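Peer 1: Just need the structure, nothing else, for what follows:
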Amino acid sequence: MNWRKTIILGLLFLCAGAGYYADRALTQKRQMASQREESLFLIQKEEVTAFSLRNPSGTCRLEKKEQEWRILEPQNLKADRDQVDSLLSNITVAKKYDPVETNDLAQYGLDKPQETIVLEGSGASGKQTLLIGLESTIPGRFFATIEGEKTVFTVASHVKNFLDKNLFLLRDKTIFDIKKEDIAKLEISQTGTSITLQKSADDLWALTSPVQDAADKKAVDNLLSDIESLRATSFEEDQTTTPGFYGLAQPRLHFTITAKESVTLQIGREEQSASRYFARKKDSGPIFSLPKRFVDEINKDPDEFRSRDIFKLASNDIYEIKIIVGESFFSIVKNEKGAWLFSSEPQIPVHKGRVEKLLSDIAGLRINSFIEEAPSSLAPYGLEAPRARVLLYPKDKKDKEILSLGNKAQEGDICYARISTRPLIFGVDWTSVGDFYLTKQDLQDRRIFTLATDEIYKIEFVEPGKKRTLERKDDRWFARESKEEKGKELPAYAVFGILADIAELEFESEIQAPGTESPGIPTGESALGKVNMYDKNDATLDTWEFSGSGNAPTLTLKNSKDSLFLIRQTPFQKIRDDFNALFKTESK
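Peer 2: Sure thing, here's the model as predicted:
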């Protein structure tokens, strides 16, 4: 048995030895990988207090003072914080790859490096200088070395790209060092026109010149945001010798911004090929260029800065709407529960959806064009005796707003209008005016089926000689033509169309109110069909009996409460056609 123990012990020894050498080999690989990929700099980003950058564009030196970076060479300028932060963030975490020892820097292009950066730190690491040379045979890598060391390694191409920044990229390109919330006044001046926008104590902007009017909130907000983020697209270094070349001897625009203090921007000629304008701050600073988009934004007609909102009251703050068309009028009021009622006949139901549309139309109505300020006469515009008026009242009935609608302009689809809160005539789109030519009937809830359609579990459509049934079992609908028939299952969307037809059926007029003696089918009419609706307990929800004569455009509908309604023939035909379509036999 001893030979067996010997064999077992030998195998265990071999396994242990194999494990030892495998672990040793893995450790060596890890050490080699560590040697092949090491941090480029010992200095951390937070420790950098200054750096010098040299590349084909020139040499720049930057220092950080009181958490702000400044360029000291070749000019004393404020630095672009984002550009400096991006550069330092990337190179201080960059790696060096495949280091080799060598004394021959020339073969790697490091005797005359293309880019050099010197980082100066506040910590023990002191100063480090990185030199970038020729491109490596490995794609996306460049040879590099740390000055004073005897190793050459490679770095990723993005390191070289970050060191290729020129003075323009490194300098601060902000035009106005202003927060938009601090701006209190804007002035735009050019030959023959001066526009002034002023912010009030409650932070509302108004146009004060050339006319006095509310300012367009969106237009002003966009302009303020653009002022805050405005950046120069270039700096012209020879401005002292050729100011006239840039059109600044006689600027086309003066743009003055007043915050804690005032600063005026002079804007000269346009360089169309580059989509830019030359500009400078008045009496100081370099000449620079601005994007054409910004100049176009301030070089507008004064009307572009005017508010085109018509009503001040928000939809939720409206508690009464009165509409006057010619000699007729009606009004609806909102009660404490938020429901809308006719003020003179609260028992008549108001169509909630149509009131919501009216409120949406009111909120969406905008001034299309400004016609005349403080007109001496309203007659030329048809506003002395308006064709229609819309009156809005807040809860306390004070500060009501009255919109008057007059004639259609001879040219263009414009309707003349005025609002009681502003002394001017303006135009609104003619196509939107019809939304306010309403009668009481337009807002009356004239739907005949007043229950929720999800209460319907069975629908019978009876025509002379036949009866067809839709029946719901749980959430599935079936169509059958007799009680004995099991019926075919229908897709839910097909039945939803029928339910929608029922829910939206409206009367033109009510012939007979419930509770009065039923006259039956009107004289000269014949029965056309009957619709019976039942709940889940097979109790009748409603019954509609349709009658009519010939090709008359209207029919009579009698419901289970013996009310008689006059309805249009088209909705009835749609219900009948949609119902019968569900029973058609599919062709094989």
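
Peer 1: what domains does the record give for the protein?
Peer 2: 38-170, 180-305, 315-443, 453-581 (automatic domain parsing).

Peer 1: Quick check: end-to-end length of the first one?
Peer 2: Using CA to CA, to the nearest Å, the span of domain 38-170 from its first residue to its last is 28 Å.

Peer 1: And the last one, by the same measure?
Peer 2: For domain 453-581, the separation between the terminal residues is 20 Å (CA to CA).

Peer 1: Ok, the second one next?
Peer 2: Distance between the two ends of domain 180-305: 17 Å, counting by CA to CA.

Peer 1: Same check on stretch 188-204?
Peer 2: First-to-last residue span, stretch 188-204, CA to CA: 19 Å.

Peer 1: Check stretch 208-221 too.
Peer 2: So stretch 208-221: terminal residues 17 Å apart, CA to CA.

Peer 1: Then stretch 99-118?
Peer 2: 20 Å.

Peer 1: what sits up against it?
Peer 2: 35-36, 38, 51-56, 91, 127-134, 143-145, 150-153, 160, 163-164 (CB atoms under 8 Å, 6 or more residues apart in numbering). Where C-beta positions appear, they are placed from N, C-alpha and C, glycine not excepted.

Peer 1: sorry, back to before: now the domains of the chain in JSON lines, with mean pLDDT and mean neighbour count?
Peer 2: Listed next are these as JSON lines, based on pLDDT from 0 to 100; neighbours: other CB atoms under 10 Å:
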{"stretch": "domain 38-170", "mean pLDDT": "92", "mean neighbour count": "16"}
{"stretch": "domain 180-305", "mean pLDDT": "91", "mean neighbour count": "16"}
{"stretch": "domain 315-443", "mean pLDDT": "95", "mean neighbour count": "16"}
{"stretch": "domain 453-581", "mean pLDDT": "86", "mean neighbour count": "15"}
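
Peer 1: Among the contacts of stretch 99-118, which lie within strands?
Peer 2: Counting by DSSP state E, these place 38, 51-55, 127-134, 143-145, 151-153 in strands.

Peer 1: what's the neighbour count on the closest residue to D80 other than its chain neighbours?
Peer 2: The shortest distance from D80 to any non-neighbouring residue, by CB to CB, 6 or more residues apart in numbering, is to D172 (4.9 Å). When counting by other CB atoms under 10 Å, one arrives at 20 neighbours for D172.

Peer 1: residues contacting D172?
Peer 2: Counting by CB under 8 Å, 6+ apart, D172 has contacts L77, K78, A79, D80, R81.

Peer 1: what do you get for K466?
Peer 2: E481.

Peer 1: can you give me the strands for the stretch 101-250 of the chain?
Peer 2: 115-121, 127-135, 141-146, 151-156, 185-190, 193-199, 205-209, 213-214, 234-236 (DSSP state E, counting those that start in this stretch).

Peer 1: To R422, which of those lies closest?
Peer 2: Proximity to R422, assessed across the strands of the stretch 101-250 of the chain by CB to CB, is greatest for strand 213-214 (6.9 Å).

Peer 1: helices or strands next to the closest one in the packing?
Peer 2: strand 205-209 (3 or more CB pairs under 8 Å, 6 or more residues apart in numbering; DSSP states H and E).

Peer 1: got the angle between the strand it packs on and strand 185-190?
Peer 2: 40 degrees (axes from the mean of the first three to the mean of the last three CA atoms, to 10 degrees).

Peer 1: Can you tell me which helices and strands strand 205-209 packs against?
Peer 2: strand 193-199, strand 213-214.

Peer 1: Could you pull up the residues touching Y416?
Peer 2: Contacts of Y416 (CB under 8 Å, 6+ apart): I371, Y381, G382, L383, L405, G406, N407, K408, A409, I425, F426, G427.

Peer 1: So which of those is the closest to A452?
Peer 2: Closest approach to A452 among these (CB to CB): L405, at 37.9 Å.

Peer 1: Just say helix, strand or coil for that closest one.
Peer 2: When classified by DSSP: H, G, I helix; E, B strand; the rest coil, L405 comes out as strand.

Peer 1: Which residue comes closest to it once chain neighbours are left out?
Peer 2: In space, L405 is closest to A388, 4.5 Å off (CB to CB, 6+ apart).

Peer 1: isn't that neighbour right up against I402?
Peer 2: No - the criterion here is CB atoms under 8 Å, and A388 misses it with I402 at 11.2 Å.

Peer 1: the strands in the stretch 301-450 of the chain, which residues?
Peer 2: 320-325, 328-334, 340-342, 369-373, 388-393, 401-408, 414-419, 424-429.

Peer 1: any chance of the ones you listed in JSON lines, plus distance to S262?
Peer 2: As requested, these are arranged in JSON lines below (distance: least, CB to CB, whole Å):
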{"stretch": "strand 320-325", "distance to S262": "46"}
{"stretch": "strand 328-334", "distance to S262": "48"}
{"stretch": "strand 340-342", "distance to S262": "51"}
{"stretch": "strand 369-373", "distance to S262": "29"}
{"stretch": "strand 388-393", "distance to S262": "40"}
{"stretch": "strand 401-408", "distance to S262": "37"}
{"stretch": "strand 414-419", "distance to S262": "35"}
{"stretch": "strand 424-429", "distance to S262": "31"}
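
Peer 1: So which of those is nearest E47?
Peer 2: strand 369-373 (60.8 Å).

Peer 1: send the alpha carbons of the closest one over as CSV?
Peer 2: Output of strand 369-373 as CSV, limited to C-alpha atoms (Å, rounded to 0.1, in the frame of the first residue of the first chain):
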residue,chain,number,x,y,z
SER,A,369,-50.3,92.7,-35.8
PHE,A,370,-50.4,96.2,-34.2
ILE,A,371,-52.6,98.5,-36.2
GLU,A,372,-52.9,101.9,-34.4
GLU,A,373,-52.0,103.4,-31.1
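
Peer 1: For it, give me every contacting residue.
Peer 2: By CB under 8 Å, 6+ apart, the list of residues contacting strand 369-373 reads V211, D303, R306, Y381, I414, Y416, P423, L424, I425, F426, G427.

Peer 1: all helices of the stretch 351-500 of the chain, in order?
Peer 2: Remark: helices assigned in the stretch 351-500 of the chain by DSSP state H, counting those that start in this stretch are 352-364, 430-433, 440-443, 492-504.

Peer 1: next one: the stretch 151-300 of the chain
Peer 2: Counting by DSSP H, counting those that start in this stretch, the helices of the stretch 151-300 of the chain are 157-162, 167-170, 217-229, 292-298.
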